[in-house]
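Enquirer: missing the sequence, but the structure's below:
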């Protein structure tokens with residue numbers, strides 16, 4: 001009987017001691033699972049936005065300035081956005097998403113090659129939506145697409 005009481009008390013002490021740490025670990029595991037689930041959706045929206053904007057931008061500009069190419073499947077997707085605002089200027093952005101990560105890799109540069117990749121973290125907002133985080137700024141998929149195109153044409 002004494003052994004049972006000691007065991008019950010030891011379990012209770014351990015539960016109390018590690019309660020907040022275990023809750024934090026569960027919350028982090030939940031957030032990571034949500035990021036993986038929502039990350040694919042975020043990238044699908046972003047890449048679809050790039051494709052939808054390509055034709056409208058070129059039509060309004062009056063020339064073929066943007067070219068968008070999307071490849072890959074649900075687990076590994078990439079997009080390439082080529083901007084050629086003049087005959088002599090060419091800029092490129094490459095975006096890569098791997099399903100098992102909570103980030104995007106963005107490479108931007110001039111000519112046919114892009115610079116060293118920048119990691120864009122995917123973070124959950126208080127409203128449980130996924131946002132892209134660059135530095136201290138956070139973007140929806142459409143806002144991120146707009147920023148990338150603005151940077152290409154700057």
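Expert: Everything's here; your move. Predicted model, so just to flag it, every value in this text is computed and none were measured.
Enquirer: okay, now residue 57: neighbour count?
Expert: 16 (other CB atoms under 10 Å). Heads up, the C-betas are built off the backbone N, CA and C, glycines and all.
Enquirer: check residue 153 too.
Expert: Using other CB under 10 Å as the criterion, residue 153 is surrounded by 14 other residues.
Enquirer: which ones are touching it?
Expert: Residues in contact with residue 153 (CB atoms under 8 Å, 6 or more residues apart in numbering) are 65, 83, 85, 91.
Enquirer: for residue 94, same thing?
Expert: 78, 79, 80, 105, 106, 107, 108, 114, 117.
Enquirer: I'd like the contacts of residue 153 as JSON lines, with neighbour count appended.
Expert: Formatted as JSON lines, those follow (neighbours: other CB atoms under 10 Å):
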{"residue": "65", "neighbour count": "18"}
{"residue": "83", "neighbour count": "21"}
{"residue": "85", "neighbour count": "15"}
{"residue": "91", "neighbour count": "18"}
